[in-house]
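K.L.:
predicted model follows, preceded by the sequence.
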Amino acid sequence: GLRSGLVNTGGTKILNLPEVSFDPGKLNNAYLAKLLTEKIQEAIRVMGSKKITATGLGSPGPLDPVAGVIECPPNLNIHDFPVIQILKKEFSTIPSFLINDADAALLGEVWKGVANGFENVVMLTLGTGVGSAVIAGGKLQRGRGKGAEWGHTTINSNETRICSCGRRNCLEAFVNTRGLAMTYCKIFGYPDNLSLDEQGHVSFMLSEGLARNEPGDKLWHGVLHTYAEHLSYGLKNIINVHNPECIILGGGIIQNNRYLFDEIKEELKNTNDQIAGLVKGTKIGLARLKRPGVIGAAQHAIDR
């Protein structure tokens, strides 16, 4: 969905606006332009006589933050969408700035969340896609603009999966909502034909199934362990490359799912190779903010 809010320049006052839900497959450039325009108009009405200083926009990549273009997110039906140019025409007195949604979430957590005070942090957002962001030496790392896509690095698995980007065995293919649903169907013996809504529901049921301690609990534990094992492969790669002080996990799959978080930490403890010391010295934390992307996009706009 589309989340939005009003944030003051110090980040001390945050007013969340109502979320807009949509089917990602039915989203297109024109509809997204309409949604964004309506949301900014709503924010202007809420502010009344007070001026909106700037607008920060967080979006799944790939995108061009300099040109302000959302290019072709694998999980959204958006193609070469010049969002900043469009908003400049609609709201000529309000500058707008585009940023990757995972970058926005990380900026939010560093500014007002669990990573405050750290200078070397990696964040993964686990949801419809897998976003990732890296801060090293206190600075956001994007390479030439599109870097840090850890969801599209490959992991070792006995199972072959095709990612939405077209490549085999990307981390995202195993740990996004679709990947989690595939693991669930395989372990429970169900056909792998869940709808988008049903795929999203599995992450909620992963926590609820364990909490209820019903007969199917053993199968849910299998899903939990397999998902944690897949994710740990990616986390170990991240630790080996970046040697961060902290890795933050956020997104709908792990939000409020203490069972999964604990299983991931246990899986990381099983490391007995040459990076065991690096793993032990890395803090693994859950995102603290309810809407880190909104706060981080605002911080980016304020900073710019």
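P.N.:
Perfect, I can see it now.
K.L.:
for the stretch 151-300 of the chain, which segments are assigned as strands?
P.N.:
Remark: strands assigned in the stretch 151-300 of the chain by DSSP state E, counting those that start in this stretch are 246-250, 283-286.
K.L.:
pull the longest one out as CSV, backbone CA atoms only.
P.N.:
These are the backbone C-alpha positions of strand 246-250, laid out as CSV (Å, rounded to 0.1, in the frame of the first residue of the first chain):
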residue,chain,number,x,y,z
CYS,A,246,24.2,-3.8,13.3
ILE,A,247,21.8,-5.5,10.9
ILE,A,248,18.2,-4.3,11.1
LEU,A,249,15.3,-6.5,9.9
GLY,A,250,12.0,-4.9,9.0
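K.L.:
so what touches that strand?
P.N.:
Applying C-beta atoms under 8 Å, 6 or more residues apart in numbering, the external contacts of strand 246-250 come out as 105-106, 109, 113-115, 118, 120-126, 235, 238-239, 261, 264, 282-287, 292. C-beta coordinates here come from the backbone N, C-alpha and C atoms, glycine included.
K.L.:
just the pLDDT at the residue of the chain most remote from its centre, thanks.
P.N.:
For the chain, the residue at maximal distance from the C-alpha centroid (C-alpha atoms, centre = their mean) is Ser49, at 34.3 Å. Looking at Ser49, its pLDDT is 86.
K.L.:
which of the three states applies to it?
P.N.:
Three-state call for Ser49 (DSSP: H, G, I helix; E, B strand; the rest coil): coil.
K.L.:
what do you get for His79?
P.N.:
Going by three-state DSSP: His79 is coil.
K.L.:
my guess is it meets Cys72, correct?
P.N.:
Yes. Look at His79 against Cys72 with C-beta atoms under 8 Å: they come within range, at 5.4 Å.
K.L.:
who has more neighbours, those two?
P.N.:
Cys72 (15 against 11; other C-beta atoms under 10 Å).
K.L.:
if I've got this straight, that one is in a helix?
P.N.:
No. The assignment for Cys72 (three-state DSSP) gives coil, which keeps it out of a helix.
K.L.:
quick check, it in contact with Asp64.
P.N.:
No. Counting by C-beta under 8 Å, Cys72 stays clear of Asp64, with 11.1 Å between them.
K.L.:
which ones are touching Gly1?
P.N.:
Glu19, Val20, Ser21, Phe22.
K.L.:
redo these as TSV? Include pLDDT, secondary structure and neighbour count.
P.N.:
Conversion of these to TSV gives the following (pLDDT from 0 to 100; DSSP: H, G, I helix; E, B strand; the rest coil; neighbours: other C-beta atoms under 10 Å):
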residue	pLDDT	secondary structure	neighbour count
Glu19	92	strand	11
Val20	91	strand	13
Ser21	87	coil	7
Phe22	82	coil	13
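K.L.:
quick check, nearest of these to Gly189?
P.N.:
Ser21 (31.1 Å; C-beta to C-beta).
K.L.:
okay, the closest residue to that closest one other than its chain neighbours: pLDDT?
P.N.:
Leaving aside its sequence neighbours, Ser21 sits nearest to Gly1 (C-beta to C-beta, 6 or more residues apart in numbering; 4.3 Å). On the pLDDT scale, Gly1 is placed at 84.
K.L.:
any idea how far Gly1 lies from Leu235?
P.N.:
In this structure, Gly1 and Leu235 are 27 Å apart, going by C-beta to C-beta, to the nearest Å.
K.L.:
what of Phe261?
P.N.:
Phe261 is 12 Å from Leu235, by C-beta to C-beta.
K.L.:
the two - which one has more neighbours?
P.N.:
Of the pair Phe261 and Leu235, Leu235 is the one with more neighbours under other C-beta under 10 Å, namely 24 against 17.
K.L.:
hmm, the more buried one is touching Leu268, no?
P.N.:
Yes. The criterion here is C-beta under 8 Å, and Leu235 meets it with Leu268 at 6.4 Å.
K.L.:
which residues do these two both contact?
P.N.:
If you check Leu235 and Leu268 against C-beta under 8 Å, 6+ apart, the residues they both contact are Ile284.
K.L.:
pull the contacting residues for the residue nearest to Pro62 when sequence neighbours are not counted.
P.N.:
Spatial nearest neighbour of Pro62, excluding adjacent residues (C-beta to C-beta, 6+ apart): Glu71 at 4.7 Å. Neighbouring residues of Glu71 by C-beta under 8 Å, 6+ apart: Gly61, Pro62, Leu63, Asp64, His79, Asp80, Phe81.
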